[in-house]
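Undergrad: Attaching a predicted model along with its sequence, questions to come.
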Amino acid sequence: MFNQVKALTESAVRQQDLLLGTPIDLSRGEDSRLYGVDGSIDSLTLVSIIVDVEEKLRSQLGVEVRLADTTDLPESATPFATLGTLIAYIMDRLSAAQASVQAV
Amino acid sequence: MQVAAFLAHLKSAGSQPAIVSDEGRFTYDQLHAQISVYSAELAAKSVSDSCVLLVDNYSFNSVCMLFALWLRNNVVALSVPKGEEQLAQLAGAAGARFSVIGGTPELVVVQHANPVVPPTVDGLLSRHQPGFIVFSSGSTGPAKGVVHSIAPFFERYLNAEHCGAILAFLLFDHIGGLVTVLQALATHGTLILPNERSPQEVGRCIESFNVQTLHVSPTLLNLATITGVFQKWDTSSLQRIYFGSEPSSPESIQRIANVMPHVQLQQLYGMSEIGVLPCRSKAGDSAWMKIEDPNYSLRVVDGILHVRGATNMLGYLASAGDLSSDGYLITHDLAEEHEGYFRVTGRAVDLINVGGKKVFPSHVESVLMGLENVSDVVVYAQPNPLLGQIVAARFTLFEPESLEAFKVRLYQHVRGVLAQEQLPRVVSIAETPLYTSRFKKMRHPGVLAQS
């Protein structure tokens, strides 16, 4: 599951290159900076990635996950800081969504 | 209040810091002196009693130039730097006789031949009254110029709350940006100029310049919170945050209150047509506001907010604007009223507000309709916790096409044509028509989802 989520997240990030003058730098793998301190993308690109990931999770895994609403996270959390933190955040949300489906 | 009297008030602050940035620290004495220098240069070039397009960003010089233009009884149309064609359109719409282009050491004045001056601007000029024009939208659609006299704004901000060091984060050509300048200087505070508009820059400025007051959008606050700005930088100097210009969720405001319990959060209500109103929030719920200034009155009529006050616009460049028979501005904002407080719940029209930037759906639709295989498209606002709203587009196609393949073509088509905030971030393909039985586009996402 992790590899599938990683692949679709990278694909969503790569898709933004079509709209950007300079492609997003993912050369540092999961340590690649995305949004926040020293980040390489702006808020609109971040939102675009989130929307694309949500859509891919829906179409490929059949799971509805909401990623943009971070109000339930601790105030120190920075889920969009790097590719790695983003994937980890998506995995958390995905697990929670799947658990709630199983509970029903 | 006349410009000269306002400038005398500024001069009385003497050696106190008026404007501070990485560019330097400028006192009220220096501010006053530079305004006088510019005023003399403008007089030498006969830039007086005219409509003038001022093209600049925030700087010590641009603020001085703005006051110098007013001192010469000009009506100043404000714009940040844009393309030549767009600036020519703005100058033409405003009836500008001159454009003053900032950002260079020398004064650059461009003269325009035979301007057609709109009646609202002509009225001010014929009475030798300085004023200003703000355009309610810039690159995001047809510009709508809002015309004001400056004198009521001087009066309003002489009596404003003292803000101390305030960060000029809103745009120079935005009504919020203009009143930030007026509040800072009229109360002998200090205007702090950032290098760029980003959450991290807000944090850097607060720490570097001991900013006491912020006037920003809820989106900026939200982004600053989730990117750790208020933890990374020392923000202990901050005393109050004004926020407005777009809807805000109570959850995100509470989140900011949790991070900075020592800071007073004050929601404001304003628009280009009336300026920013002196609001006081209800204890415990900043969404409910009250106006305690006797110079303003509000009422809610059929669910729409009406406002009347000293800083009401004189009119649009091309029309008088929507006024009730007794002089209230009909804002087209949906509002509720309860025990003397009011709360704005949304915009009655279909403008999309992406992080404080307004997007006209019809403009985006016109671009998207140029894409091959598109039979129809409807553009609407999709709520988003990070940016308030984002642009969503729902298409019908002539021939079946996968969403993935379509999005690649779409992104290639709009890149460089639409601004970042105008780009559709949510894209879907519908099997059913996008209009009602009366042939009106269905912009409400709820209606679209059911279709």
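TA: Arrived safely, thanks for sending.
Undergrad: Tell me how far the nearest residue to residue B:175 once chain neighbours are set aside lies from residue B:136.
TA: In space, and not counting its chain neighbours, residue B:175 is closest to residue B:272: 4.7 Å by C-beta to C-beta, 6 or more residues apart in numbering or on different chains. Backbone N, C-alpha and C define where each C-beta goes, glycine included. Residue B:272 sits at a distance of 5 Å from residue B:136 (criterion: C-beta to C-beta, to the nearest Å).
Undergrad: what touches both of those two?
TA: Shared contacts of residue B:272 and residue B:136, defined by C-beta atoms under 8 Å, 6 or more residues apart in numbering or on different chains, are found at residue B:146.
Undergrad: Confirm for me that residue B:414 is in contact with residue B:369.
TA: No - Residue B:414 is beyond contact range of residue B:369, at 11.7 Å (criterion: C-beta atoms under 8 Å).
Undergrad: Neighbour count: the two, which is higher?
TA: A side-by-side neighbour count of residue B:414 and residue B:369, using other C-beta atoms under 10 Å in any protein chain shown, places residue B:414 first with 21 against 12.
Undergrad: quick one, what contacts the more buried one?
TA: Neighbouring residues of residue B:414 by C-beta under 8 Å, 6+ apart: A:19, B:367, B:368, B:423, B:424.
Undergrad: Buried only: go through those residues for me.
TA: Neighbour counting with 16 or more other C-beta atoms under 10 Å in any protein chain shown marks A:19, B:367, B:368, B:423, B:424 as buried within the contacts of residue B:414.
Undergrad: among those residues, which are in helices?
TA: B:367, B:368 (DSSP state H).
Undergrad: from the buried ones among the contacts of residue B:414, which is closest to residue B:37?
TA: Closest approach to residue B:37 among the buried ones among the contacts of residue B:414 (C-beta to C-beta): residue B:423, at 43.8 Å.
Undergrad: Check the closest one and give its pLDDT.
TA: If you check residue B:423, the pLDDT there is 94.
Undergrad: what lines up beside the helix or strand hosting residue B:305 in the sheet?
TA: Residue B:305 belongs to strand B:304-309 when elements are defined using DSSP states H and E. Note on strand B:304-309: by DSSP bridges, its sheet partners are strand B:296-301 (antiparallel), strand B:329-338 (antiparallel).
Undergrad: Out of those, which gets the lowest mean score?
TA: Among the strands paired with strand B:304-309, strand B:329-338 carries the lowest mean pLDDT, a mean of 87.
Undergrad: Report the central residue of chain A.
TA: In chain A, the residue lying closest to the centroid (C-alpha atoms, centre = their mean) is residue A:86, at 4.5 Å.
Undergrad: where does chain B have low pLDDT?
TA: Counting by pLDDT under 70, chain B shows low-confidence ranges at B:137-143, B:219, B:245-252, B:284, B:286, B:345-349, B:433-451.
Undergrad: What parts of it come near chain A?
TA: Contact residues, chain B versus chain A (C-beta under 8 Å from any C-beta of the partner chain): B:200, B:219, B:223, B:225-228, B:231-232, B:251-252, B:255, B:258-259, B:354-355, B:384-387, B:390, B:403, B:407-408, B:411-412, B:414-415, B:420-421, B:423, B:425-426.
Undergrad: buried subset of these?
TA: With burial judged by 16+ other C-beta under 10 Å, the buried subset of those is B:200, B:219, B:223, B:225-228, B:252, B:255, B:259, B:354-355, B:384-387, B:390, B:407, B:411, B:414, B:420-421, B:423, B:425-426.
Undergrad: Helices - which of those residues land there?
TA: Filtering those for helices - DSSP H - leaves B:200, B:219, B:223, B:225, B:226, B:252, B:255, B:259, B:407, B:411, B:414.
Undergrad: Distance check, the third one against residue B:253.
TA: With distances taken as C-beta to C-beta, residue B:223 is found 14 Å from residue B:253.
Undergrad: Next, work out how far apart residue B:88 and residue B:79 are.
TA: Remark: distance between residue B:88 and residue B:79 (C-beta to C-beta) = 11 Å.
Undergrad: And residue B:30, by the same measure?
TA: 26 Å.
Undergrad: of those two, who's got more company?
TA: Shown here are residue B:30 and residue B:79; by other C-beta under 10 Å, residue B:79 has more neighbours (23 against 17).
Undergrad: if I read this right, that one contacts residue B:57, doesn't it?
TA: No - here residue B:79 lies out of contact with residue B:57, judged by C-beta under 8 Å, at a distance of 10.1 Å.
Undergrad: I'd assumed residue A:83 was in contact with residue A:10.
TA: Yes - using C-beta under 8 Å, residue A:10 and residue A:83 qualify as a contacting pair, with a distance of 7.3 Å.
Undergrad: okay, and the common contacts of those two?
TA: Contact criterion C-beta under 8 Å, 6+ apart; residues shared by residue A:10 and residue A:83: residue A:26.
Undergrad: For chain A, which segments count as helices?
TA: In chain A, the helices defined using DSSP H lie at A:2-15, A:43-56, A:83-103.
Undergrad: so what's the residue of the stretch 151-300 of chain B found nearest chain A closest to, chain neighbours aside?
TA: Chain A sits closest to residue B:227 of the stretch 151-300 of chain B, with a gap of 4.0 Å, by C-beta to the nearest C-beta. Excluding its sequence neighbours, the residue lying closest to residue B:227 (C-beta to C-beta, 6+ apart) is residue A:36, at 4.0 Å.
Undergrad: Check residue A:12 too.
TA: Nearest residue to residue A:12, sequence neighbours excluded (C-beta to C-beta, 6+ apart): residue A:52, at 3.8 Å.
Undergrad: Now do that neighbour against residue B:374, distance only.
TA: 20 Å.
Undergrad: next one: residue B:136
TA: 29 Å.
Undergrad: Please tell me how far the residue of the stretch 251-400 of chain B found nearest chain A sits from residue A:61.
TA: Chain A sits closest to residue B:385 of the stretch 251-400 of chain B, with a gap of 4.2 Å, by C-beta to the nearest C-beta. Counting by C-beta to C-beta, the gap from residue B:385 to residue A:61 is 22 Å.
Undergrad: Then residue A:73?
TA: Residue A:73 is 22 Å from residue A:61, by C-beta to C-beta.
Undergrad: Give me the distance from the helix or strand of chain A with the lowest mean pLDDT to the chain's centre.
TA: Ranked by mean pLDDT, DSSP states H and E, the weakest helix or strand in chain A is helix A:83-103, scoring a mean of 88. Computed by C-alpha atoms, centre = their mean, to the nearest Å, the chain-centroid distance of helix A:83-103 equals 11 Å.
Undergrad: Check which helices and strands it sits against.
TA: Contact analysis of helix A:83-103 by 3 or more C-beta pairs under 8 Å, 6 or more residues apart in numbering or on different chains; DSSP states H and E lists helix A:2-15 as its packing neighbours.
Undergrad: which other helices and strands contact the helix it packs on?
TA: Packed against helix A:2-15 by the contact rule (3+ C-beta pairs under 8 Å, 6+ apart) you find helix A:43-56, helix A:83-103, helix B:403-414.
Undergrad: With respect to residue B:62, which of those lies nearest?
TA: Of all these, helix A:43-56 comes closest under C-beta to C-beta, at 26.5 Å.
Undergrad: I am finished for the moment; much appreciated.
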